[in-house]
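*Asks:* Here's a sequence, model it:
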Amino acid sequence: MAGAGMRRGTLAVLCVTALLSAARLAAHPIHTTLAVVTHAPAERAVTVNVRIFADDLALGVARHPPRPVPRMAEDPTARYVASSFAIWNPDGTRVPLRWCGSRPQGGVVWVCMRGPVPRGLRGGRVLSTLQFALYADQVNVVQVGTAQSRKTLMFVPGDRPKPIP
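*Replies:* Below you'll find the predicted structure:
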């Protein structure tokens, strides 16, 4: 009897060890970003704050072809994010987003962009394709609205721009 109990205990320890090792190899098993798009009607402007896992961002920037993005800083992170996130005004013109910096926080990085939206966001469109070239299971969540009210949109590889409610 002691032998069977010992084997079960050893098996349990081996299973826990295997799970912990797998967890270390896959630092975060989900590939996702969160973009918070806040319209400030009084300022007729929009601020976009995007949260990206730091290691995923570094890989995306490293694999992104270096090409200029209009009105964007020469920072490679700025170019990568600007080429993978877009907002269109209700008239169909693309909102010219300008880089306003980045801030690391634990294992993630928050990046910031701002742009003018003279007619507001309602009736416009948004698209977030961050990390789609890297991960087939990438999911990007975009929360759009004002400080008082938000709508949530979700993007997966293959999605096209979605209307802003």
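
*Asks:* Remind me which helix or strand the most centrally placed residue in the chain belongs to.
*Replies:* Central residue of the chain (C-alpha atoms, centre = their mean): residue 33, 2.5 Å from the mean position. Element membership for residue 33, per DSSP states H and E: strand 32-40.

*Asks:* Past that strand, which element shows up next along the chain?
*Replies:* Heading C-terminal from strand 32-40 (DSSP H and E), you reach strand 45-53.

*Asks:* packing partners for that following strand?
*Replies:* Under the contact criterion of 3 or more C-beta pairs under 8 Å, 6 or more residues apart in numbering; DSSP states H and E, strand 45-53 touches strand 32-40, strand 85-88, strand 108-116. From N, CA and C alone the C-beta is placed, and that goes for glycine too.

*Asks:* Throw the ones you listed into CSV and include mean pLDDT and distance to residue 47, thanks.
*Replies:* Putting the helices and strands packed on strand 45-53 into CSV (pLDDT from 0 to 100; distance: least, C-beta to C-beta, whole Å) gives the following:
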stretch, mean pLDDT, distance to residue 47
strand 32-40, 95, 5
strand 85-88, 96, 11
strand 108-116, 96, 5
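
*Asks:* So for residue 137, which of these sits nearest?
*Replies:* Nearest to residue 137 among the helices and strands packed on strand 45-53 is strand 32-40; the distance by C-beta to C-beta comes to 9.1 Å.

*Asks:* quick one, the closest one and strand 45-53 angle?
*Replies:* 160 degrees (axes from the mean of the first three to the mean of the last three C-alpha atoms, to 10 degrees).

*Asks:* What distance do you get for the residue nearest to residue 130 when sequence neighbours are not counted to residue 132?
*Replies:* Spatial nearest neighbour of residue 130, chain neighbours left out: residue 84 (4.4 Å); criterion: C-beta to C-beta, 6 or more residues apart in numbering. Distance of residue 84 to residue 132, computed by C-beta to C-beta, to the nearest Å: 8 Å.

*Asks:* where does the residue nearest to residue 130 land on pLDDT?
*Replies:* Listed pLDDT for residue 84 reads 93.

*Asks:* What segments of this protein are strands?
*Replies:* Assigned by DSSP state E, the chain shows strands spanning 32-40, 45-53, 85-88, 98-105, 108-116, 125-128, 139-145, 150-155, 162-163.
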